[in-house]
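Engineer: sequence plus the predicted model coming up.
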Amino acid sequence: MSLVIQKFGGTSVRDAARRDIVAQWVQKAVREGHHVVVVVSAMGRLGDPYATDTLLSLLDNGTEGALDERDLLISCGEIISAVILAGHLRSVGLQSRAITGGDAGIVTDANFGDARIVEVKPQALESLVAQGIVPVVAGFQGRTPDGRVATLGRGGSDTTAVALGAALGAEVVDIFTDVDGIKTADPRIVPEARTISSLDYEEVFQLANLGAKVIHPRAVEIGRQFGVTIRVRSTFSESLGTIIASGQGILDAWGHRDPDHSVTGITQLDHLLQFRVTPPETMHKDWAFQLFMALGERGVSVDLINLFPDQVYFCVPPEKNAVTQEILETSGFGYEAFDDRAKVSIVGSAIQGLPGVVGRVMAAMAQSDIEILQSADSHSTITLLLHRSDMERAVSALHKQFHLAEEVPKG
């Protein structure tokens, strides 16, 4: 019998009615002859009693400094979810058992709050599956080699699911969510955004890394490394969703190497901070090297760097604002900070070296009277830094410019 992993997000398990639907998906897979391992996130969103953000809000200043204790607390959301769903599955006639991430064999490093999986020991899950039991694994968590609970960062339940899929040789990892797959743009911004039927790992990694919220980039990276087929689909519809696997989506794109049909999707990140930094008068010519070394030593990862002899521009996420300003002030750098920035990116495996793509991007921005503050590109992306107020108009303009509401023509 083949094995499938089914991962359900917080909105899919937040109440009994939705857990009924989840149980139907598990029953369907079992009837089709599959072994099933379920992975769950914490129930609901901020304000719901056991959501991760709700648990975080319970912390006081004395506890916030103890990162391992913080992880111990927020891991409870997924454990509660696993226990409740396992009981729900038993109530509909399935043998099921809740199990923590650590007991499921997920071993992590000790980078609490953003831990990396270093090993998966699948024997406990293999034993349960062999007995005809459906394990319900608490996602988002593992255990360090010395036995402490560590969490995997935002979206970590996706990573749990794909890592288990790799370790168990799953036929497919289904990421169930509240949308029917990966779309050509955020449908809240572009209502006509289309669900993409198939994508390559690289395209999905770039979409996720540049702002798409449907799947975590680490999960995609594990899938690529181990050749795990991933499917993103809706808990609440029969849509086939989006298949993510090697080579998916590329052939059609490269078969139509024209600017109209080379872009896969548009994504965005808002609330970025942009810094313009100038050196102190006493600093040597290697001042930029010293600047970026100081930032790196304090864990600040910079983005969209423009380097000039007498100044540097770069962006940081909002949570790194305070430490960035502290470094600049302590070291005597001059700087300006702009807190109203956003970046919008186009992603597509077929845009590398294709004449006309950049021109179309510039045309879309010019026609919408949108100022480009910075830009960057790679073999599969073009990213624009914009004023936050222009972000949604830019996404819509680019989606229209590259005809993304239309299917890529065949043949």
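Structural biologist: Structure received. Just so it is clear, the model here is predicted, and its values are computed rather than measured.
Engineer: please count neighbours and contacts with C-alpha atoms only from this point.
Structural biologist: OK.
Engineer: and the pLDDT at residue 233?
Structural biologist: For residue 233, the pLDDT comes out at 94.
Engineer: paired strands for the helix or strand encompassing it, with orientation please.
Structural biologist: Using DSSP states H and E, residue 233 sits within strand 230-234. The pairing partners recorded for strand 230-234 under DSSP bridges are strand 172-177 (parallel), strand 242-244 (antiparallel).
Engineer: could I get the ones you listed as JSON lines with distance to residue 320, mean neighbour count and mean pLDDT?
Structural biologist: Formatted as JSON lines, the strands paired with strand 230-234 follow (distance: least, C-alpha to C-alpha, whole Å; neighbours: other C-alpha atoms under 10 Å; pLDDT from 0 to 100):
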{"stretch": "strand 172-177", "distance to residue 320": "30", "mean neighbour count": "25", "mean pLDDT": "95"}
{"stretch": "strand 242-244", "distance to residue 320": "32", "mean neighbour count": "25", "mean pLDDT": "93"}
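Engineer: so which of these is nearest residue 387?
Structural biologist: When these are compared by C-alpha to C-alpha, strand 172-177 sits nearest residue 387, at 30.7 Å.
Engineer: before we move on, the earlier item: as CSV, the strands paired with strand 230-234 with distance to residue 317 would be great.
Structural biologist: What follows is these, written out as CSV (distance: least, C-alpha to C-alpha, whole Å):
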stretch, distance to residue 317
strand 172-177, 26
strand 242-244, 28
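Engineer: what's the closest of those to residue 233?
Structural biologist: Residue 233 lies closest, by C-alpha to C-alpha, to one member of the strands paired with strand 230-234: strand 172-177, at 5.2 Å.
Engineer: coming back round to it: got a list of contacts for the strand holding residue 233?
Structural biologist: Here strand 230-234 makes contact (C-alpha atoms under 8 Å, 6 or more residues apart in numbering) with 162, 172-182, 214-215, 223, 239-245.
Engineer: ok, stretch 339-346 next?
Structural biologist: 210, 263-274, 381-389, 391, 394-395, 398.
Engineer: likewise for stretch 311-328?
Structural biologist: Residues contacting stretch 311-328 (C-alpha under 8 Å, 6+ apart): 271-279, 288, 294-295, 298, 300-307, 334-335.
Engineer: run through the residues that contact the residue nearest to residue 163 when sequence neighbours are not counted.
Structural biologist: Excluding its sequence neighbours, the residue lying closest to residue 163 (C-alpha to C-alpha, 6 or more residues apart in numbering) is residue 222, at 6.5 Å. Taking C-alpha under 8 Å, 6+ apart, we find residue 222 in contact with 159, 162, 163, 166, 228.
Engineer: can you find the helix or strand of the protein with the lowest average pLDDT?
Structural biologist: In the chain, no helix or strand scores lower on mean pLDDT, DSSP states H and E than helix 250-255, which sits at a mean of 46.
Engineer: helices or strands next to the helix or strand following that one in the packing?
Structural biologist: As assigned by DSSP H and E, the chain's next helix or strand after helix 250-255 is strand 265-278. Contact analysis of strand 265-278 by 3 or more C-alpha pairs under 8 Å, 6 or more residues apart in numbering; DSSP states H and E lists helix 201-209, strand 311-316, strand 334-347, helix 391-401 as its packing neighbours.
Engineer: give the helix, strand or coil label for the residue in the chain sticking out farthest from the centre.
Structural biologist: Note on the chain: the largest C-alpha distance from the chain mean falls to residue 282, namely 42.6 Å (C-alpha atoms, centre = their mean). Following DSSP: H, G, I helix; E, B strand; the rest coil, we place residue 282 in the coil state.
Engineer: need the pLDDT of it.
Structural biologist: Reported pLDDT for residue 282: 77.
Engineer: distance of it relative to residue 331?
Structural biologist: Going from residue 282 to residue 331 by C-alpha to C-alpha, to the nearest Å gives 11 Å.
Engineer: ok, and what's touching the host helix or strand of residue 88?
Structural biologist: Using DSSP H and E, residue 88 falls within helix 67-91. Residues outside helix 67-91 that contact it (C-alpha under 8 Å, 6+ apart): 13, 19-20, 23, 39-43, 50-52, 55-56, 59, 63-64, 95-100, 112-113, 135-141, 148-151.
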